[in-house]
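Asks: the amino acid sequence is not available; the structure is as follows:
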């Protein structure tokens, strides 16, 4: 499983999990599963996340 | 997204199939046991409950196809795999035990109902491992 900074990035923007889920057009459960490291997103979803935060993928998802 | 459109369609298909199953099974049992029909109609009446159960499988398949949320789709696939593993394992063991005369014969349609139990169990496993039951439950 990859580590990620999603929770921190979300908190910096004062977004709830639901806010982020709506921006990404996924379920809140998906955001929660990614944040807690229970699910690694596909490459297309990872790119969408990176685009939303305006960061390169490697600054959000880190190799364990 | 918990009550997304694919899930609503899934629940609609599931509900319709279950209503047809119960109604057709009751009707078939009633008319066939009283010899009210004969010939091809008996076959048709006998096939409809099975078709209704196939409708439930169809509803699950369409949920997998229509679900655009990749995480939720993965949970449904996991559920179906767990259901399949449970149903095939139990039916294989039972088949051998029956072959050796150790247990009574069980009608094969029970495999589908064991699969549904396994599918529900898969939702429970999803809840424990991934924090949500998924859209299939």
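Replies: Sure thing, it's come through. None of the values given here were measured: they were computed from a predicted structure.

Asks: was I right to think residue A:2 contacts residue A:60?
Replies: No. Applying Cβ atoms under 8 Å, one finds residue A:2 not in contact with residue A:60, separated by 9.4 Å. Just so you know, the C-beta spots here come from the backbone N, C-alpha and C atoms, and that holds for glycine as well.

Asks: quick one: which of those two has more around it?
Replies: residue A:60 (20 against 14; other Cβ atoms under 10 Å in any protein chain shown).

Asks: okay, and the residue nearest to residue B:134 when sequence neighbours are not counted sits in which element?
Replies: With sequence-adjacent residues excluded and distances taken as Cβ to Cβ, 6 or more residues apart in numbering or on different chains, residue B:134 is closest to residue B:75, at 3.4 Å. Under the criterion of DSSP states H and E, residue B:75 resides in helix B:70-99.

Asks: how about that helix: buried residues?
Replies: By 16 or more other Cβ atoms under 10 Å in any protein chain shown, the buried positions in helix B:70-99 come out as B:70-76, B:78-80, B:82-83, B:86-87, B:90-91, B:94.

Asks: can you check which helix is longest in chain A?
Replies: Taking DSSP state H as the criterion, chain A has its longest helix at helix A:43-53.

Asks: can you name the element that comes right after that one?
Replies: Immediately after helix A:43-53, counting by DSSP H and E, sits strand A:61-62.

Asks: ok so, going back, name the helices or strands packed onto the longest helix of chain A?
Replies: helix A:17-24 (3 or more Cβ pairs under 8 Å, 6 or more residues apart in numbering or on different chains; DSSP states H and E).

Asks: pLDDT weak spots in chain B?
Replies: B:1-4 (pLDDT under 70).

Asks: what residues go with each domain of it?
Replies: Listed domain ranges for chain B are B:1-68, B:69-137 (source: automatic domain parsing).

Asks: any idea which of those domains is most buried?
Replies: Ranked by mean neighbour count, the domains of chain B are led by domain B:69-137 with a mean of 16 (mean count of other Cβ atoms under 10 Å in any protein chain shown).

Asks: residue A:25: how many residues sit nearby?
Replies: Counted with other Cβ under 10 Å, residue A:25 comes out at 12.
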